[in-house]
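All I have is the shape, not the residue letters:
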């Protein structure tokens, strides 16, 4: 049996060929599997989901994480088994990023069929900056930001013009790429980082080159007036930091804004105020045909109730949360829960006054290992069968 090796450049080439619609559909199936697995009795559910807790080994300069996972569902046509290996620098001044490799196993033979460099697929939350924690959670960046985009399209964000990002790591870079590819009408993109360090300046340069039609602006968190102005006019706000304190006041966020939180992953972390989270929680949980203007969506209810500091500190009742997989099911089935953001009320779009206390929509993600499995499997399949990308080692597993 042969072995396919995909370098970081190979992975970048493959992922760039995926349309945002394809990625949304792929991750939608993963979220459906998660929600079905957690909410349906075993007699009705064909999903095989295995996510053992990660194993860590301390090396001289890194802590190495071994993260196996498996997802199999004939109903959703998903099957994959992989293990991701990530080395997290133990020193905060180590700016080399996170070496990451994913091993994809063949379902029939059990042999490793591909070795994938996951630097391009992994959220590189470098420990050099105060925004980033040395033991920050590592998740598939492409899958992570696709879940964010999926949350936006599901709740009816149609024509955003201004998007604001907090953070300047690979997670933000991937979100900028996929959101600006999907929403051609975005005119302004604001990046806010703790400091205007080299990483932030490099991100600004790369983004400006990739999307010359968009006006980019970069601020440090200390430039309060500029940050406030940006947040007040944002249609979408995406936070990808490991901050332990809210990044901005709830009173800066106008009604109808879609807020995405993908940075914090521990109870001690918090990217937004409790008040802002509560603005996304409906007074009652709807079960029939109606339209609501606020919703709090998560990737996994059980994971977020253990790890999401933003939700825990706000005292959110799990019953008031809607999993993204549940939302997909409701939109596909009957009765259908239609969720859409309130009309955007910027002065350019409407003469109505802007409200900064009303309902918003929010998506909180702590990352699910199954996203890694499926995106890695898809990258390998596309590289091997469609693009002919990578290095193929023949007779890798041949018995002599």
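Yes, it's here. Quantities reported herein were computed from a predicted structural model and do not represent experimental measurements.

which sections of this structure are below the confidence cut-off?
36-47, 92-93, 95, 97, 120-144, 283-293, 331-353, 368, 399-400 (pLDDT under 70).

domains of it?
3-139+369-393, 142-364 (automatic domain parsing).

Now tabulate the ones you listed in TSV and tack on mean neighbour count.
(Glycine included, C-beta is placed from N, CA and C.) TSV is the format used below for the domains of the chain (neighbours: other C-beta atoms under 10 Å):
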stretch	mean neighbour count
domain 3-139+369-393	18
domain 142-364	19
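
just checking, next helix/strand downstream of whatever helix or strand residue 306 lives in?
Residue 306 belongs to helix 301-307 when elements are defined using DSSP states H and E. As assigned by DSSP H and E, the chain's next helix or strand after helix 301-307 is helix 309-313.

and that next one, what other elements does it pack with?
helix 274-278, helix 301-307 (3 or more C-beta pairs under 8 Å, 6 or more residues apart in numbering; DSSP states H and E).

Check the offset of the longest one from the chain's centre.
In terms of C-alpha atoms, centre = their mean, to the nearest Å, the centre of helix 301-307 is found 15 Å from the chain centre.

One more: stretch 393-400?
38 Å.

How about stretch 207-216?
22 Å.

ditto for stretch 227-240
On C-alpha atoms, centre = their mean, the centre of stretch 227-240 falls 18 Å from that of its chain.

got it, and stretch 78-88?
17 Å.

quick one: which of the helices and strands packed on helix 309-313 is nearest residue 159?
helix 274-278 (23.0 Å; C-beta to C-beta).

Check which helices and strands that closest one is in contact with.
Looks like helix 274-278 contacts helix 309-313 (3+ C-beta pairs under 8 Å, 6+ apart).

try 10 Å this time
strand 258-261, helix 309-313, strand 361-364 (3 or more C-beta pairs under 10 Å, 6 or more residues apart in numbering; DSSP states H and E).

ok, back up a step: between the helices and strands packed on helix 309-313, which one is closest to residue 261.
Closest among the helices and strands packed on helix 309-313, using C-beta to C-beta: helix 274-278, at 8.8 Å.

Run through who's touching that closest one.
By C-beta atoms under 10 Å, 6 or more residues apart in numbering, the residues outside helix 274-278 that reach it are 237, 246, 248-253, 257, 259, 261, 270-271, 294, 296, 308, 310-316, 320, 357, 360, 362, 364.

The same query, at a cut-off of 7 Å, please.
Identification of contacts with helix 274-278 by C-beta atoms under 7 Å, 6 or more residues apart in numbering yields 250, 253, 259, 310-311, 313-314, 316, 362.

And for stretch 65-73?
In contact with stretch 65-73 (C-beta under 7 Å, 6+ apart) are residues 33, 46-52, 54-56, 78-86, 88, 138, 369-370, 372-374.

quick check, distance from that stretch to the centre of its chain.
18 Å.

Give me the phi and psi for residue 392.
Residue 392 adopts backbone torsions of phi -100, psi 120, taken as degrees, to the nearest 10.

Name all residues that make contact with it.
By C-beta under 7 Å, 6+ apart, residue 392 lies in contact with 2, 4.

For it, list each beta-bridge partner.
In this entry, residue 392 is beta-bridged to residue 4, by DSSP bridges.

and the gap between it and residue 5?
Using C-beta to C-beta, to the nearest Å, we find residue 392 at a distance of 8 Å from residue 5.

residue ranges of the strands in the stretch 1-150 of the chain, please?
3-6, 48-50, 55-58, 62-73, 78-89, 100-105, 112-117 (DSSP state E, counting those that start in this stretch).

Longest helix of this structure, counting residues only.
What stands out as the longest helix in the chain, according to DSSP state H, is helix 20-39.
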